[in-house]
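Participant: got a predicted structure plus its sequence, pasted below:
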Amino acid sequence: MSAQLPGIFESLAPTLDRYGYAAIVALVGLEGVGIPLPGQLILIAGGIYAASGHLTLVPVLLVGLLAAVGGDNAGYAIGRYGGRGLVLRFGPYVFLSRERLAKTERFFARRGHIVVSVGRFVDGLRQASGIAAGLARMRWRRYLAYNAAGSAVWVAVWVLAGYLAGNHIETLYAGVQRYGIYALATGAAITVAVLAGLAMRRQAVDA
């Protein structure tokens with residue numbers, strides 16, 4: 001018997017019932033390479049399933065994080081080693097249009113590290129930021145650090161929202177989509193600042 005998923009999450013129940021954690025890995029991971037899938041919604045649904053005992057909270061958090069980082073880094077590799085020609089050729093098949101990619105690249109040129117960290121909270125950036133980072137040839141270690149930090153916050157926010165809010169999640173989600181993105185972006189920006197401070201301190205010590 002499956003957990004009861006409210007409203008917009010209900011369609012994900014058969015997928016979670018059948019594939020469990022693998023469904024989270026697939027949807028979140030594939031979203032990271034530019035495919036428009038409900039990765040954010042599956043995390044919330046996974047949290048609801050964990051609250052009802054159908055899944056376990058810690059594994060949901062872990063597989064969500066690994067899938068997010070893995071998918072984004074696959075996107076990074078596509079952008080870096082496949083090049084712009086490959087992305088433009090096959091991007092439209094996964095709804096990664098020339099316009100969406102160009103918009104992401106413009107953001108990236110100005111504030112690449114912030115795009116990588118905050119991008120997971122923004123539709124469009126979530127699917128394209130890894131590819132854009134690869135195209136921009138951002139250093140992989142730097143990309144990985146900011147991406148992992150942003151992904152950890154993103155996964156924790158949505159899984160715990162589903163876990164704690166339960167049947168009230170649909171109302172909460174609608175409110176966050178309307179107003180809460182600024183708070184989430186602020187939290188991610190703080191994470192970026194902390195990482196930058198640690199990196200500068202490490203460079204000073206090494207010097």
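Facilitator: Thanks, I have the structure now.

Participant: contacts and neighbour counts: CA atoms only from here.
Facilitator: Will do.

Participant: what does Arg139 show for phi and psi?
Facilitator: Dihedral pair for Arg139: phi -60, psi 130, per degrees, to the nearest 10.

Participant: break the protein down into its structural domains.
Facilitator: Here the domain parsing of the chain from the TED database is 10-167, 170-206.

Participant: in whichever strand or helix holds Pro59, what's buried?
Facilitator: Here Pro59, judged by DSSP states H and E, is contained in helix 57-77. For helix 57-77, a neighbour-count test (16 or more other Cα atoms under 10 Å) marks 57, 60-77 as buried.

Participant: check which helices and strands it is in contact with.
Facilitator: Applying 3 or more Cα pairs under 8 Å, 6 or more residues apart in numbering; DSSP states H and E, we find helix 57-77 packed against helix 21-31, helix 39-51, helix 125-135, helix 140-165.

Participant: winner for burial among these?
Facilitator: Of all those, helix 125-135 has the most neighbours on average by mean count of other Cα atoms under 10 Å, namely a mean of 29.

Participant: which neighbouring elements make contact with that one?
Facilitator: Packing contacts for helix 125-135, counted by 3+ Cα pairs under 8 Å, 6+ apart, involve helix 57-77, helix 98-118.

Participant: can you redo these as a markdown table with distance to Val159 and mean pLDDT?
Facilitator: Listed next are the helices and strands packed on helix 125-135 as a markdown table, based on distance: least, Cα to Cα, whole Å; pLDDT from 0 to 100:
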| stretch | distance to Val159 | mean pLDDT |
| --- | --- | --- |
| helix 57-77 | 7 | 95 |
| helix 98-118 | 17 | 73 |
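
Participant: turn those into a markdown table, including distance to Ala132.
Facilitator: Below are those laid out as a markdown table (distance: least, Cα to Cα, whole Å):
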| stretch | distance to Ala132 |
| --- | --- |
| helix 57-77 | 7 |
| helix 98-118 | 6 |
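
Participant: what number of residues lie near Gly85?
Facilitator: When neighbours are defined as other Cα atoms under 10 Å, Gly85 has 10 of them.

Participant: sticking with it, tell me its helix or strand.
Facilitator: Element membership for Gly85 (DSSP H and E) is helix 83-90.

Participant: looking only at pLDDT, what's the mean for that helix?
Facilitator: Averaged over helix 83-90, pLDDT sits at 70.

Participant: next one: stretch 5-16
Facilitator: Stretch 5-16 shows a mean pLDDT of 78.

Participant: got it, and stretch 155-171?
Facilitator: pLDDT averaged over stretch 155-171 gives 80.

Participant: look up phi and psi at Pro36.
Facilitator: Main-chain dihedrals, Pro36, degrees, to the nearest 10: phi -80, psi 90.

Participant: hang on, it packs against Ala128?
Facilitator: No. With contact defined as Cα atoms under 8 Å, Pro36 does not reach Ala128; the gap is 9.9 Å.

Participant: nothing else from me, thank you.
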